[in-house]
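J.: Sequence and predicted structure below; questions after.
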Amino acid sequence: MALAAALAALSLALVAPAPSYDPWMWLLWGREVAEASLDTRDGPAFKPLPVAVCALLAPLGAAAPVAWVLLVRTAGLVAVYLAWRVGRRLAGGSRLAGALAAAAVLLCGRLIGFTASGAEPALVLAAALGGVEAWAAGRHRLALACAAACGLLRVEAWPFLLAGGVVLWRRAPQHRPALGLAAVLIPAAWFVPEWLGSGDLLRSGMTVEETAARMGYSEPSAVGGPPVWQPSDRAFSGYEWENGFRSWPRTPPSSVLG
């Protein structure tokens, strides 16, 4: 972990820590949570875990975006290491299998670009692979925590959480209180903030096209890196400027928007 953090810190000098659109909004919402003024009416899908972490980073002020990107890049390196461990374990200790698994994760889609810009795929991979490794080692409580982290990052993880929860419920009765708590808190973490911040429990379920149309944005562009947003003239409303950060922009810098 320390080595991953050190390498991630070194990467900040090589690739500028410029968050893409979604991370900027998580940072904004995190600050609003810290100030008890959450407003999620505009923006991408609300993701509970990133917003909670960004709320903790809010006191850092202008350094918070850098800290967030550093955290995500560290998670990306941890995910590659965990893939190596899981690959070796599944192949009976083969180093080659571990190396292939690590390479597969590293080259997965546009993981490098997403990770460099502070998006969440690296966090999902690190949590998922950490859960697999913990489960294989018999550390069920840690595996449950990793699974809960996945569930707070992506709703697509919920079916896997449900399946794992059923197995753990039957095999380890001592974890049933934690499983019951997770079954309540994970959905609440997604829906309650949206209800409080926008009045619409299902706002985060809008498609990319619906979100773009609602916010006045053109189609996302994926040229040269992770998906970014091209703002139209309607994107910069008086509401956004008046309710944005004091020191952080409401929208990503032009270098991120392309």
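T.: Ah, there it is. Numbers count the residues shown, from 1 in each chain.
J.: Ramachandran coordinates for Thr40?
T.: Phi and psi for Thr40, reported as degrees, to the nearest 10, are phi -110, psi 20.
J.: Next up, the contacts around the residue nearest to it when sequence neighbours are not counted.
T.: Take Thr40 and drop its neighbours on the chain: the residue closest to it by CB to CB, 6 or more residues apart in numbering is Gly197, 3.4 Å away. All C-beta spots, glycine's among them, are computed from the backbone N, C-alpha and C. By CB atoms under 8 Å, 6 or more residues apart in numbering, Gly197 lies in contact with Trp29, Glu32, Leu38, Asp39, Thr40, Arg41, Phe46.
J.: 6 Å instead, please
T.: Neighbouring residues of Gly197 by CB atoms under 6 Å, 6 or more residues apart in numbering: Leu38, Asp39, Thr40.
J.: Pretty sure it sits in a helix.
T.: Yes. Gly197 forms part of a helix when assessed by DSSP: H, G, I helix; E, B strand; the rest coil.
J.: ok, which stretches of the stretch 51-200 of the chain are strands?
T.: Counting by DSSP state E, counting those that start in this stretch, the stretch 51-200 of the chain forms no strands at all.
J.: so where do the helices sit in it?
T.: Per DSSP state H, counting those that start in this stretch, the stretch 51-200 of the chain carries helices over the ranges 64-90, 95-106, 111-116, 121-136, 140-151, 158-171, 176-198.
J.: for this protein, what are the low-confidence residue spans?
T.: Within the chain, the segments meeting pLDDT under 70 span 204-258.
J.: give the contact list for Ala136.
T.: Each residue near Ala136 by CB under 6 Å, 6+ apart is listed here: Arg89.
J.: no no, Trp190
T.: Counting by CB under 6 Å, 6+ apart, Trp190 touches Pro48.
J.: How much space separates it from Val33?
T.: Trp190 sits 14 Å away from Val33, going by CB to CB, to the nearest Å.
J.: Share the number of residues neighbouring Phe114, please.
T.: When counting by other CB atoms under 10 Å, one arrives at 22 neighbours for Phe114.
J.: if we can go back for a sec, who wins for most neighbours among the contacts of Gly197?
T.: Going by other CB under 10 Å, Thr40 tops those with 23 neighbours.
J.: hang on, it packs against Lys47?
T.: No. Assessed by CB atoms under 6 Å, Thr40 is found out of contact with Lys47, at 10.9 Å.
J.: Any chance of the contacts of Gly197 in a markdown table with distance to Leu185 as columns?
T.: What follows is these, written out as a markdown table (distance: CB to CB, whole Å):
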| residue | distance to Leu185 |
| --- | --- |
| Leu38 | 18 |
| Asp39 | 23 |
| Thr40 | 19 |
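J.: and of the residues you listed, the nearest to Val132?
T.: The nearest member of the contacts of Gly197 to Val132, counting by CB to CB, is Thr40 at 32.1 Å.
J.: Identify the residues contacting that closest one.
T.: Phe46, Glu194, Gly197, Ser198.
J.: Relative to Gly151, how far out is it?
T.: When distance is defined by CB to CB, Thr40 is 19 Å away from Gly151.
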